[in-house]
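Chemist: Sequence first, then the predicted structure, then my questions.
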Amino acid sequence: MYSVYILKCSDNSLYTWITNNIEKRLKMHAWEIPGWAKYTKSRLPLKLVYSQEIWDRSEATKKELQIKKLSREKKLELIWNIDY
């Protein structure tokens, strides 16, 4: 299982990525455990604002790229239109 996720950073930038372990990845972003999340290091604190689980890595990568190509406005619409 993979998660496509968006983080809102303290500078209001949006960071999109995929992972197969979202809890571990969020700790890496927050520098609670060693990792390579350099972009987010200087943009703490972070807030998880979107997450979608996808079984197939290839499909998760496609979704990640689709989100990354969206304008900021469209990304915010995606985030706001989530049904919990």
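Modeler: Sure, I can see it.
Chemist: which SSE is residue 28 in?
Modeler: Element membership of residue 28, judged by DSSP states H and E, is helix 22-29.
Chemist: Show me how far that helix is from its chain's centre.
Modeler: 10 Å (C-alpha atoms, centre = their mean, to the nearest Å).
Chemist: tell me which residues in it are buried?
Modeler: Residues 22, 25, 26, 28, 29 are the ones in helix 22-29 that count as buried (16 or more other C-beta atoms under 10 Å). Bear in mind the C-beta positions are built from the backbone N, C-alpha and C, glycine included.
Chemist: who's in contact with the spatially closest residue to the fourth one that is not a sequence neighbour?
Modeler: It stands for residue 28. Spatial nearest neighbour of residue 28, excluding adjacent residues (C-beta to C-beta, 6 or more residues apart in numbering): residue 35 at 2.8 Å. By C-beta atoms under 8 Å, 6 or more residues apart in numbering, the contact set of residue 35 is 25, 27, 28, 29.
Chemist: of all these, which comes closest to residue 15?
Modeler: residue 29 (7.9 Å; C-beta to C-beta).
Chemist: Show me what the longest helix anywhere in the chain is packed up against.
Modeler: Ranked by residue count under DSSP state H, the longest helix found in the chain is helix 57-69. Other helices and strands packing on helix 57-69, by 3 or more C-beta pairs under 8 Å, 6 or more residues apart in numbering; DSSP states H and E, are strand 2-8, strand 14-19, strand 47-54.
Chemist: can you give me the angle the shortest one makes with helix 57-69?
Modeler: Relative orientation of strand 14-19 and helix 57-69, computed by axes from the mean of the first three to the mean of the last three C-alpha atoms, to 10 degrees: 170 degrees.
Chemist: what's strand 14-19 in contact with?
Modeler: With C-beta under 8 Å, 6+ apart, strand 14-19 has contacts from 2-9, 25, 29, 39-40, 43, 46, 49, 57, 60-61, 63-64, 67-68, 72, 75-76.
Chemist: From those residues, list just the buried residues.
Modeler: The buried subset of the contacts of strand 14-19 - by 16+ other C-beta under 10 Å - is 2-9, 25, 29, 40, 43, 46, 49, 60, 63-64, 67, 75-76.
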